[in-house]
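Undergrad: Give the three-dimensional model of this entry:
(one chain, ligands or ions: 1)
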Amino acid sequence: MPARVLDVGGGIGVHAEWLSADGYAVELLDPVPRHVQRAARLAGVSAPLGDARPLPAADASQDAVLLLGPLYHLPDRADRVRTLTEARRALRPGGVIAVATISRHAAVHDAIYLGHYLQERQREAARAAAANGIPLSPGR
Ligand SMILES: C[S@@+](CC[C@H](N)C(=O)[O-])C[C@H]1O[C@@H](n2cnc3c(N)ncnc32)[C@H](O)[C@@H]1O
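TA: Down below sits the predicted model:
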């Protein structure tokens, strides 16, 4: 029986596609209807609408849970904790959780790297993101 992978916030299925081709049983969840419509066209991938909090998965039912995106869409810490708790609940003992995050300092690094940090609005936006983890559009 193939290993079961739950791709939470899997978008249009960038990872689900190759995981399914490699023989894993992949279910992708995403709250955006157009994403799951596209992902559902991938061979071997089921793609219901869903949210990371709560996960519609039974306890200990997954060999791997992917969180390659949802955490940086959840600015409230309580939501991120709930998301990680749910992933842990759905994972079988010894399974793997893969998580992507973006540091709150990324905007400062980006602004410096791109040479924008000398512009006051860009600098303010980057500093605001570093202070509370919530990106502020330079246009605001
Ligand atoms: C940057 S995309 C990453 C997509 C995919 N995992 C990848 O690596 O290509 C982030 C995804 O997280 C989804 N997302 C946002 N909030 C979510 C939530 N509360 N629960 C689950 N997924 C969420 C978005 O709809 C989007 O598809």
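
Undergrad: all strands of this structure, in order?
TA: Along the chain, counting by DSSP state E, strands occupy 4-8, 25-29, 45-46, 62-67, 91-99.

Undergrad: okay if I get the ones you listed as JSON lines plus distance to the ligand, mean neighbour count and mean pLDDT?
TA: Quick note: C-beta positions are derived from backbone N, CA and C, even for glycine. Formatted as JSON lines, the strands of the chain follow (distance: least, CB to the nearest ligand atom, whole Å; neighbours: other CB atoms under 10 Å; pLDDT from 0 to 100):
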{"stretch": "strand 4-8", "distance to the ligand": "5", "mean neighbour count": "25", "mean pLDDT": "98"}
{"stretch": "strand 25-29", "distance to the ligand": "6", "mean neighbour count": "24", "mean pLDDT": "98"}
{"stretch": "strand 45-46", "distance to the ligand": "13", "mean neighbour count": "19", "mean pLDDT": "98"}
{"stretch": "strand 62-67", "distance to the ligand": "7", "mean neighbour count": "23", "mean pLDDT": "98"}
{"stretch": "strand 91-99", "distance to the ligand": "10", "mean neighbour count": "14", "mean pLDDT": "98"}
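
Undergrad: closest one to Ala129 among those strands?
TA: Ranking these by their distance to Ala129 (criterion: CB to CB) puts strand 91-99 first, at 19.7 Å.

Undergrad: what's the distance between that closest one and the middle of its chain?
TA: Averaged C-alpha coordinates place strand 91-99 at 15 Å from its chain's average position (CA atoms, centre = their mean, to the nearest Å).

Undergrad: now the nearest residue to Pro135 once chain neighbours are set aside: how far from the ligand?
TA: Once flanking residues are discounted, Pro135 sits nearest to Ala129: 4.8 Å by CB to CB, 6 or more residues apart in numbering. In this structure, Ala129 and the ligand are 16 Å apart, going by CB to the nearest ligand atom, to the nearest Å.

Undergrad: Thanks a lot, catch you later.
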